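*Asks:* here is a sequence with its predicted model. Questions after.
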Protein chains: 2
Amino acid sequence: MRCINKINLINNLTPIVKLKKEIGNTSIYMKRDDLIDFYFGGNKVRLYEYIISDVIKQKAEKLITFGSIHSNHVRVTAAVAAYFSLDCDIIIIQDHNNASHLVEGNSLLIDFIGVNKYVCSSENAREYIDNHLNTQDTKGVNYYFVPGGGHTPIATMAYSDIMNEILSQSEALNVNFDAIFLPTGTGTTQAGLLHGKDKFKFDGEIFGVTVARESKRCKKEIIDMINGLRKIDSQNVLVEESSINILENSGIGYGEIDERIIKIMKDIAKSDGILLDPIYNAKSFYAMTKYLTENKTYTNVLYLNTGGVPNIFIEEISRKAGSR
Amino acid sequence: MRCINKINLINNLTPIVKLKKEIGNTSIYMKRDDLIDFYFGGNKVRLYEYIISDVIKQKAEKLITFGSIHSNHVRVTAAVAAYFSLDCDIIIIQDHNNASHLVEGNSLLIDFIGVNKYVCSSENAREYIDNHLNTQDTKGVNYYFVPGGGHTPIATMAYSDIMNEILSQSEALNVNFDAIFLPTGTGTTQAGLLHGKDKFKFDGEIFGVTVARESKRCKKEIIDMINGLRKIDSQNVLVEESSINILENSGIGYGEIDERIIKIMKDIAKSDGILLDPIYNAKSFYAMTKYLTENKTYTNVLYLNTGGVPNIFIEEISRKAGSR
C-alpha cells in the first residue's frame, strides 16, 4: 500500500449556496469550488494538493504536462511549479477550433508565469509528448509527468475527500441532496466523488455531464481511476459500474459555445450574480437543467461548480453575448 | 440618528494569507477581499450590503450609477440590480484612453446582465448625469442614485466593520499588523477603515495609494465620508486628519499600465499564485513595495486586495505581458 499525503494549497472552505434559480420544483444548491483561487484554479487545485506531495517525495525538479489552451489544469500546473520553484514544460494541444484563443484568457495567464511552452497539433500529440519526454530522459532531467487534466489515481483522492466535506456541509445546512451534478472532462473529479460516495455513505446519485468525450470513454476512464485509487487507499471501497451516470451535453463539442451556453450564463448571472465558465460549467449546468426538466423526481440537487474563470474572458463570448 | 441595516450578500469570511513574497525584512499578509465573488465584486459588494438595504427601505424601483469602464462598482451595481429585480441605468464615463476597452473584460460582464447602458465623455459627465436624472424625475421614476464608486457615508460603514474582522483574524493568526496598505480610488474603503481604526482600536497606520486622483482631493473626500458616517453611526468616533496617509503611485494615471505594473503582477503570480488586477491592486502593491523599501521600520504589514478580476483580462495586458 502506497502512502498518500496532502499539501495544503487552499485557504478556505468553499461554500455551498442555495441559488435563487430553481428548476421546476427542484431547489438547486451550488458547491463553489470555482472560488478556489490558487491562480483561478478551481477543482484542479484540489488535485494538486495530492500530486505535489508526490512530486516532492520523488524530489523531481521539473513538472511536465499537456492540455488544451482552455485547460484549467495547465494553468494551475504553471502556478504550482512556480510556487514550488520547479521548472515547467507545458505542451499545448492545438486543434483547428481554438487557434484564436492562443493569446487570450487562460493562455495569457500561462504566459504570465513564464513556463516553457510548446505547441503541437492534436493529430500528432501522443508522438510529440513521447518525443519530448524521451529528450528529457536523454538529458537526465528528473521530471514528473502529470497526465492531462491531472488525471491520476493519486489526484482522484481529492474528490473522495470532498464527498465527506459535502456531507458535513449538507448536515449543517439541514438539506439532503438527492443528486450531485458536475462537468466531466477526463473523469478524475467524478471518479473521486464516486469513491467518496461509497466510503462516506452518500445516498444520492452522481451525474457527470461529459464536456469533451463520448460517454463510453468517460466511463472507462472513471473505472480505471477508481481501480487505481483502490490500490492506494486503505479503505475497501466498492463502486458499482451501474452507479456511473454520464449525461450527454446536447452535442456541443469541447470548447464550442452556442446560444444555449450564452443564455444559461446570462440567466445565472442575473438570478444569482454568478458567472459560469462556458467550457465546463455553463455547458453541464445546461444539461442538468434539461435533465431535471424531464425528470421531476428531485427535491434538492447540488451542482458542483468546478471553476474556469479565465475562460469567461475570451473574445468569442464577447461577440456572441453582444448579439442579444 | 438614521438607523443603518445590512443585507448579507457574501457567503464566506475572506482569508488573510501570508505571502511568500517578502519586502526586505517585512512580512506581507494579504486580506483577500478579491475573493468576494458576487459577480467578481471584491470590495464593492461590501458597500452594497449597506446600500441595498437603504434602496429597499426607500422602495426604489431602479438603480442609477456611473463610472469608468474599468469600474468594479458599475459591474456590481448591474448584478445587484438584477438580483433584487430592479431596473438599472449605467452611465459609462469614457475618456480618450479607454475606448478600446469598451468591448472587453469588465464591459462584457456589464453587457451580460443586460442593463440600460449610456456612454458620455468625461468632459461633460456632470451635465449628462444631471440631465439623465432630471428626465427620470420628469417621468416620475422612483430611482435610487448611487454615486460613482458607491461613495456614500452609508457604504463607508462596511469597511469600518471590516476593521473589526481584521482585528479578530489578526488575533487568531497571532500577528500584529504595523500598517495596512490599500488602493484608494474614491476613498470610501480608506474612510471606512479609518473610522474602524478608532472605533475598534487598531494601533497601526493606514496607507491608501491613490490610483485615480490627487492626494489632496482623496483626503478631502475621506474627511467628508467620515463626517457623514459620524452622523449615522451611534459611536462617537474621532479621526485625526494627520492619520489620513495618502501615497502617490509613481505617476501612473488611472487605467494606465506600464512595465512596472506588469512586473509586479508577474512577481506575485510566480511567488504566490495570486493575480493582482492592474488598475487598482498591482499599482498600489507596487507603491507599497517602494514605500517599504525606503522605510524599513515595519515587521508585519497587511495589504488589502480589494479585487478587480475582470480588469486582468484586457487586451493591453496581453500585449504588454507578451513583451517579456
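*Replies:* Ah, there it is.

*Asks:* now the helices for the stretch 201-324 of chain A?
*Replies:* Using DSSP state H, counting those that start in this stretch, the helices of the stretch 201-324 of chain A run over residues A:215-232, A:259-272, A:281-294, A:315-322.

*Asks:* nearest to residue A:302, out of those helices?
*Replies:* helix A:281-294 (10.3 Å; C-beta to C-beta). (Each C-beta comes from the backbone N, C-alpha and C, glycine too.)

*Asks:* could you give the angle of that closest one to helix A:259-272?
*Replies:* Helix A:281-294 and helix A:259-272 are oriented at 90 degrees to each other (axes from the mean of the first three to the mean of the last three C-alpha atoms, to 10 degrees).

*Asks:* is any part of helix A:281-294 close to chain B?
*Replies:* No - using C-beta under 8 Å from any C-beta of the partner chain, helix A:281-294 stays clear of chain B, coming no nearer than 11.5 Å.

*Asks:* which strands and helices lie in contact with that helix?
*Replies:* strand A:16-23, strand A:179-184, strand A:205-210, strand A:245-247, helix A:259-272, strand A:300-305 (3 or more C-beta pairs under 8 Å, 6 or more residues apart in numbering or on different chains; DSSP states H and E).

*Asks:* buried residues in that helix?
*Replies:* A:281, A:282, A:283, A:284, A:285, A:286, A:287, A:288, A:289, A:290, A:291, A:292 (16 or more other C-beta atoms under 10 Å in any protein chain shown).

*Asks:* mean neighbour count and mean pLDDT added to the helices and strands packed on helix A:281-294, as JSON lines?
*Replies:* Output for the helices and strands packed on helix A:281-294, formatted as JSON lines (neighbours: other C-beta atoms under 10 Å in any protein chain shown; pLDDT from 0 to 100):
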{"stretch": "strand A:16-23", "mean neighbour count": "16", "mean pLDDT": "95"}
{"stretch": "strand A:179-184", "mean neighbour count": "26", "mean pLDDT": "97"}
{"stretch": "strand A:205-210", "mean neighbour count": "23", "mean pLDDT": "97"}
{"stretch": "strand A:245-247", "mean neighbour count": "18", "mean pLDDT": "96"}
{"stretch": "helix A:259-272", "mean neighbour count": "19", "mean pLDDT": "94"}
{"stretch": "strand A:300-305", "mean neighbour count": "24", "mean pLDDT": "98"}
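
*Asks:* in JSON lines: these, plus distance to chain B.
*Replies:* Supplementary listing: these in JSON lines, determined by distance: least, C-beta to the nearest C-beta, whole Å:
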{"stretch": "strand A:16-23", "distance to chain B": "6"}
{"stretch": "strand A:179-184", "distance to chain B": "19"}
{"stretch": "strand A:205-210", "distance to chain B": "22"}
{"stretch": "strand A:245-247", "distance to chain B": "26"}
{"stretch": "helix A:259-272", "distance to chain B": "4"}
{"stretch": "strand A:300-305", "distance to chain B": "10"}
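
*Asks:* tell me which parts of the stretch 1-150 of chain A are close to chain B?
*Replies:* Checking the stretch 1-150 of chain A against chain B by C-beta under 8 Å from any C-beta, the hits are A:9, A:11-15, A:17, A:20, A:32, A:35, A:37-41, A:79-80, A:82-83, A:103-105, A:108-109, A:111-114.

*Asks:* can you tell me which of these are in strands?
*Replies:* Per DSSP state E, strands hold the following members of those: A:17, A:20, A:32.

*Asks:* what stretches of the stretch 201-324 of chain A score poorly on pLDDT?
*Replies:* A:314-324 (pLDDT under 70).

*Asks:* find the closest residue to chain B in it.
*Replies:* residue A:313 (3.5 Å; C-beta to the nearest C-beta).

*Asks:* you'd agree that residue is up against residue B:310?
*Replies:* Yes - assessed by C-beta atoms under 8 Å, residue A:313 is found in contact with residue B:310 at 7.1 Å.

*Asks:* how far away is the residue of the stretch 201-324 of chain A closest to chain B from residue A:171?
*Replies:* From residue A:313 over to residue A:171 the distance is 37 Å, taken as C-beta to C-beta, to the nearest Å.

*Asks:* which one of those two has more residues nearby?
*Replies:* residue A:313 (25 against 10; other C-beta atoms under 10 Å in any protein chain shown).

*Asks:* nearest spatial neighbour of that one, skipping sequence neighbours?
*Replies:* Once flanking residues are discounted, residue A:313 sits nearest to residue B:313: 3.5 Å by C-beta to C-beta, 6 or more residues apart in numbering or on different chains.

*Asks:* my read: the one you found touches residue A:311, true?
*Replies:* No - the pair residue B:313 / residue A:311 is not scored as a contact, 10.2 Å apart, by C-beta under 8 Å.

*Asks:* which residues of the stretch 151-300 of chain A lie near chain B?
*Replies:* Counting by C-beta under 8 Å from any C-beta, the stretch 151-300 of chain A sits next to chain B at A:265, A:266, A:269, A:270, A:271, A:272, A:273, A:274, A:275.

*Asks:* now do 7 Å
*Replies:* Residues of the stretch 151-300 of chain A found near chain B (C-beta under 7 Å from any C-beta of the partner chain) are A:265, A:266, A:269, A:270, A:273, A:275.

*Asks:* the residue nearest to residue A:313 reaches residue A:312, doesn't it?
*Replies:* No - between residue B:313 and residue A:312 there is no contact under C-beta atoms under 7 Å: 8.0 Å.

*Asks:* tell me where the stretch 51-200 of chain A has strands.
*Replies:* Assigned by DSSP state E, counting those that start in this stretch, the stretch 51-200 of chain A shows strands spanning A:62-67, A:87-94, A:116-121, A:143-146, A:179-184.

*Asks:* avg pLDDT for the third one?
*Replies:* This points to strand A:116-121. Averaged across strand A:116-121, pLDDT comes to 95.

*Asks:* run through who's touching it.
*Replies:* Applying C-beta atoms under 7 Å, 6 or more residues apart in numbering or on different chains, the external contacts of strand A:116-121 come out as A:88, A:89, A:90, A:91, A:92, A:93, A:94, A:110, A:128, A:132.

*Asks:* excluding its backbone neighbours, what's nearest the last one?
*Replies:* So that's residue A:132. That would be residue A:91: by C-beta to C-beta, 6+ apart, it lies 6.3 Å from residue A:132.

*Asks:* list the contacts of that neighbour.
*Replies:* A:66, A:118, A:120, A:128, A:129, A:132.

*Asks:* now swap in residue A:74 and tell me
*Replies:* Contacts of residue A:74 (C-beta under 7 Å, 6+ apart): A:65, A:67, A:90, A:110.

*Asks:* between the residues you listed, which is nearest residue A:214?
*Replies:* residue A:67 (18.9 Å).

*Asks:* check what pLDDT the closest residue to the closest one other than its chain neighbours gets.
*Replies:* Nearest residue to residue A:67, sequence neighbours excluded (C-beta to C-beta, 6+ apart): residue A:74, at 4.1 Å. Per-residue pLDDT puts residue A:74 at 95.

*Asks:* so how far is residue A:133 from residue A:74?
*Replies:* From residue A:74 to residue A:133 the distance is 17 Å (C-beta to C-beta).

*Asks:* got it, and residue A:156?
*Replies:* 23 Å.

*Asks:* higher neighbour count, those two?
*Replies:* Neighbours were counted for residue A:156 and for residue A:133 using other C-beta under 10 Å; residue A:156 has more, 30 against 16.

*Asks:* tell me the helices and strands packed up against the longest helix belonging to chain A.
*Replies:* Criterion DSSP state H: the longest helix present in chain A is helix A:153-173. Helix A:153-173 is packed against helix A:43-57, helix A:188-200, helix A:215-232, with contacts defined by 3 or more C-beta pairs under 7 Å, 6 or more residues apart in numbering or on different chains; DSSP states H and E.

*Asks:* off-centre distance for the shortest one?
*Replies:* Translated: helix A:188-200. In terms of C-alpha atoms, centre = their mean, to the nearest Å, the centre of helix A:188-200 is found 14 Å from the chain centre.
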